[in-house]
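> below: sequence and its predicted model.
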Amino acid sequence: MTQTKMSRRDYGKASGLALAAAALPALGQAEIDDKPRLKSRILKSIKFGMFGGKLPVAEKFRILKEIGYDGVELNSPGGVDKKQALAASRETGLPIHGVVDSIHWGTRLSSPDAKTRRKGLEGLKTAIRDTHLVGGSAVLLVPGAVRDAENENQQQVWDRSIEQIQKALPLAARRGIHILIENVWNGFLYDPKGDDNQSADKLVKYLDEINSPWVGSYFDIGNHQRFGKPAQWIRQLGRRIVKLDVKDWGKKNSFCKIGDGDVDWPDVRRALEEIGFTGWSTAEVGGGNRDRMKDIHDRMDEHLLGKS
């Protein structure tokens, strides 16, 4: 397969076209049913670290594009060298749509230790700068974790994380980068001992209190299957959702391959259609070689996009 290098100008055009394609409504869109036409509006991606093996970065980019992915997401701080990844992206025409803040669990914005919170803020700022460097649009952030009732409880995580996020907002706004909050098993904004019918009310209120156009939801479809109905969370969050993480979870098999768990994918598709979602979806599941990358891609097509 012949590879051609792209100039900065051509790369910008290619990236812009990919995003513009996602922004267009599906042509000939029919009434909402079990398989709404989402495939022309949702871009498919993986966390780049999922692609295992010792292949060169550019070769992995080439393979992912050949399989049919629309882009990738990196980690920061750390992870693959950003200039190397950017060069691979330009060479292959496969965009990097953002990064994941890779230190948000251990160096939490909600830590009771002020020094740790400052380090967490610097990590978030580094991720913002790296996202801008590679041409991405957002940083995925876990804002904190409930760890004990006295020093890192629900209210403290709420207050401390918002304080640090607000400190990062001027940089995010200058760089044009969104800070997107992921729903995870961190004990925050839901009851980890509760039932499987919890709502997204607390997450909605948290995002609305921050009240910034640069902060939204990075909704993980499978993460809260244990605690609520993903489709209902999508409907509640609505336009607050900027990007999606894609995984599955089941009572019998926990986190599993997309489509093998209990997520009601037809209802998820209906909910995404109802809120008019357009944008990036990124698989966050067990990785592997090229065959595994192809399987993940095909499962996203089948279950997220309803493609036969």
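Arrived safely. Here the structure is a predicted model, which is why all the values come from computation and not from measurement. Residues are numbered from 1 along each chain as shown.
> how much space is there between residue 292 and residue 49?
13 Å (CB to CB, to the nearest Å). Every residue, glycine included, has its C-beta placed from N, CA and C.
> likewise for residue 108?
The gap separating residue 108 from residue 49 is 21 Å, by CB to CB.
> settle it for me: which of the two has more neighbours?
It is residue 108, of residue 108 and residue 49, that has more neighbours when counted by other CB atoms under 10 Å, with 25 against 15.
> next, the more buried one: secondary structure please.
Classification of residue 108 by DSSP: H, G, I helix; E, B strand; the rest coil places it in coil.
> residue contacts, the closest residue to it other than its chain neighbours?
Once flanking residues are discounted, residue 108 sits nearest to residue 144: 5.0 Å by CB to CB, 6 or more residues apart in numbering. Going by CB atoms under 8 Å, 6 or more residues apart in numbering, residue 144 touches 108-111, 152, 157, 160-161, 186, 188.
> wait, residue 199 sits on residue 237?
No: using CB atoms under 8 Å, residue 199 is not in contact with residue 237; the gap is 10.4 Å.
> more neighbours, the two?
Set side by side, residue 199 and residue 237 show unequal neighbour counts under other CB under 10 Å, the larger going to residue 237 at 21 against 14.
> now do the helices in the stretch 51-200 of the chain.
57-67, 82-92, 114-134, 154-175 (DSSP state H, counting those that start in this stretch).
> format those as JSON lines; extra columns: mean neighbour count, mean pLDDT and distance to residue 249.
As requested, those are arranged in JSON lines below (neighbours: other CB atoms under 10 Å; pLDDT from 0 to 100; distance: least, CB to CB, whole Å):
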{"stretch": "helix 57-67", "mean neighbour count": "19", "mean pLDDT": "98", "distance to residue 249": "25"}
{"stretch": "helix 82-92", "mean neighbour count": "19", "mean pLDDT": "98", "distance to residue 249": "30"}
{"stretch": "helix 114-134", "mean neighbour count": "20", "mean pLDDT": "98", "distance to residue 249": "26"}
{"stretch": "helix 154-175", "mean neighbour count": "17", "mean pLDDT": "98", "distance to residue 249": "23"}
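> from residue 187, how far off is the residue nearest to residue 108?
Distance, residue 144 to residue 187, by CB to CB: 9 Å.
> turn the helices of the stretch 51-200 of the chain into JSON lines, including distance to residue 181.
Formatted as JSON lines, the helices of the stretch 51-200 of the chain follow (distance: least, CB to CB, whole Å):
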{"stretch": "helix 57-67", "distance to residue 181": "26"}
{"stretch": "helix 82-92", "distance to residue 181": "23"}
{"stretch": "helix 114-134", "distance to residue 181": "12"}
{"stretch": "helix 154-175", "distance to residue 181": "9"}
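> residue 305 is nearest to which of those helices?
Among those, the nearest to residue 305 by CB to CB is helix 57-67 (14.8 Å).
> how far out from the middle of the chain is the closest one?
With CA atoms, centre = their mean, to the nearest Å as the basis, helix 57-67 stands 20 Å off its chain's centre.
> from the contact counts, what lies against that helix?
With contacts taken as 3 or more CB pairs under 8 Å, 6 or more residues apart in numbering; DSSP states H and E, helix 57-67 sits against helix 82-92, helix 290-299.
> and the first one with helix 114-134, angle?
Read that as helix 82-92. Orientation check (axes from the mean of the first three to the mean of the last three CA atoms, to 10 degrees): helix 82-92 against helix 114-134 gives 30 degrees.
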